[in-house]
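Colleague: Return atomic coordinates for the entry below.
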Amino acid sequence: MGIPFCGIGQQDPVYTQYMNNLLTIQPAYAGITDILNFTGLSRAQWIGFDGAPNTNTLTISGPIPKYNIGLGFSIVNDSWGPVKQNGIYADYAFRVKISGNQFLSFGLKGGFNTYQANLTDLTIIQNPDLVFAYDIKFKFLPNMGVGILWFSDRFFLGASSPKILQNSVKSDDGANVYHEVRHFYAMGGYVFFINDIIKFKPTLLHCWAINTPFYISYTDITANLLLYDRVWVGAAYRFKNSYGLIFQFSVNPQLKFGYSYDLMTYRPTQVNSGTHEFMISYDFVTIRRARHNIPRYF
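Modeller: I've put the predicted structure just below:
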């Protein structure tokens with residue numbers, strides 16, 4: 001009775017193919033590749049677990065070279081258990097040339113989430129419970145974020161906080177049902193040219209949420225091999241959480257498909273059959289890139 005307990009769980013969506021979905025967490029990523037890009041990603045997490053997270057995203061990003069800026073737009077649909085969230089965000093990035101082909105990009109993100117929870121659909125052990133007596137039909141949660149990214153054609157290194165405001169959702173009796181927590185991200189990646197056929201790209205993403213213990217944060221390490229500038233084959237590991245395989249295939253310089261499959265690391269208590277993630281990306285390739293067949297690494 002005298003020992004306090006606190007349950008802390010996943011809030012923002014996580015992605016195995018995050019290197020193809022950076023715009024959702026990093027506004028400075030908008031337009032850095034000098035290509036207008038459309039990327040769709042669908043993630044079905046913890047298959048077989050009732051109420052598991054399911055996430056769908058669409059991102060659009062492109063540059064305006066004349067003004068050294070990039071613009072982005074993202075739509076995120078995320079659901080878990082009785083909760084459904086839809087987010088719409090716009091991104092603005094201003095680019096400063098440092099030297100050669102290296103740039104520093106400063107990004108701003110603004111938009112909103114809509115939150116709803118069908119709490120009355122839950123099976124309540126102790127009845128009645130006023131917290132779960134009413135559904136939350138619609139809550140409007142505006143937010144904004146910032147980011148910075150140092151990059152070239154071969155590497156990127158940055159940090160961001162995509163949601164600065166910490167909104168709260170209350171039930172009709174005034175109890176806190178949901179509270180947004182500020183997240184901070186650090187990210188980086190590099191492409192090593194092994195030979196004319198093989199390239200090696202390791203990437204890293206670290207996430208930390210404010211007012212949570214350090215062990216709740218997660219670190220993703222991903223390593224990919226690029227073969228003939230068309231096929232990506234790699235592996236991903238999320239510390240003390242999951243591991244998986246990644247496969248991506250470029251049909252042509254514009255169209256790319258991706259798939260990843262994750263399994264949890266704590267096998268003895270596993271109650272699901274893994275996580276599936278599908279990705280499709282389309283680039284409106286510039287004349288220069290098409291002429292020289294320059295691939296996009298990030």
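Colleague: which residues touch residue 161?
Modeller: Residues near residue 161 by C-beta atoms under 8 Å, 6 or more residues apart in numbering: 145, 146, 147, 182, 183, 184, 185. In short, each C-beta sits where N, CA and C put it, glycine included.
Colleague: Model confidence for it, exactly?
Modeller: Looking at residue 161, its pLDDT reads 95.
Colleague: How many residues are close by the residue nearest to it when sequence neighbours are not counted?
Modeller: Nearest residue to residue 161 in three dimensions, chain neighbours excluded: residue 184, at 5.1 Å (C-beta to C-beta, 6 or more residues apart in numbering). Using other C-beta atoms under 10 Å, residue 184 is surrounded by 15 other residues.
Colleague: Any figure for the gap between residue 184 and residue 243?
Modeller: Residue 184 is 24 Å from residue 243, where distance means C-beta to C-beta, to the nearest Å.
Colleague: go on, residue 73?
Modeller: To residue 243, residue 73 is 32 Å away according to C-beta to C-beta.
Colleague: Now do the helices in the protein.
Modeller: Per DSSP state H, the chain carries helices over the ranges 287-292.
Colleague: show me where pLDDT drops low in it?
Modeller: Where the chain drops to pLDDT under 70, the residues are 1-10, 171-175, 211-216, 266-271, 286-295.
Colleague: and if we set it to 80?
Modeller: Counting by pLDDT under 80, the chain shows low-confidence ranges at 1-11, 126-134, 170-178, 210-217, 240, 266-272, 285-296.
Colleague: residues touching the nearest residue to residue 274 once chain neighbours are set aside, list them.
Modeller: Of all residues not flanking residue 274 in the chain, residue 263 sits nearest, at 4.9 Å (C-beta to C-beta, 6+ apart). Residue 263 makes contacts with 242, 243, 244, 270, 274, 275, as judged by C-beta under 8 Å, 6+ apart.
Colleague: got the residues you listed as CSV, with neighbour count and distance to residue 226 columns?
Modeller: Formatted as CSV, those follow (neighbours: other C-beta atoms under 10 Å; distance: C-beta to C-beta, whole Å):
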residue, neighbour count, distance to residue 226
242, 21, 23
243, 16, 21
244, 21, 18
270, 14, 32
274, 16, 25
275, 22, 24
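Colleague: Now for these: which two are most distant?
Modeller: Greatest spacing in the contacts of residue 263, by C-beta to C-beta: 244 and 270 (13.9 Å).
Colleague: OK, contacts around residue 170?
Modeller: Contacts of residue 170 by C-beta under 8 Å, 6+ apart are 176, 177.
Colleague: what bridges to it?
Modeller: Beta-bridge partners for residue 170, by DSSP bridges, are residue 176.
Colleague: Let me know the distance separating it from residue 123.
Modeller: For residue 170, the distance to residue 123 - C-beta to C-beta - is 23 Å.
Colleague: go on, residue 231?
Modeller: From residue 231 to residue 123 the distance is 47 Å (C-beta to C-beta).
Colleague: Tell me which of the two has more neighbours.
Modeller: residue 231 (13 against 6).
Colleague: Hmm, the more buried one is touching residue 256, no?
Modeller: No - the pair residue 231 and residue 256 fails to qualify as a contact (C-beta atoms under 8 Å) at a distance of 10.2 Å.
Colleague: Can you pull the residues that touch both of those two?
Modeller: 248, 249, 250.
Colleague: Can you tell me which of the residues you listed end up in strands?
Modeller: Judged by DSSP state E, strands contain the following of the shared contacts of residue 231 and residue 256: 248, 249, 250.
Colleague: Redo those residues as a markdown table? Include distance to residue 112.
Modeller: Shown next, in a markdown table, are those (distance: C-beta to C-beta, whole Å):
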| residue | distance to residue 112 |
| --- | --- |
| 248 | 32 |
| 249 | 35 |
| 250 | 34 |
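Colleague: how many neighbours does residue 239 have?
Modeller: 14.
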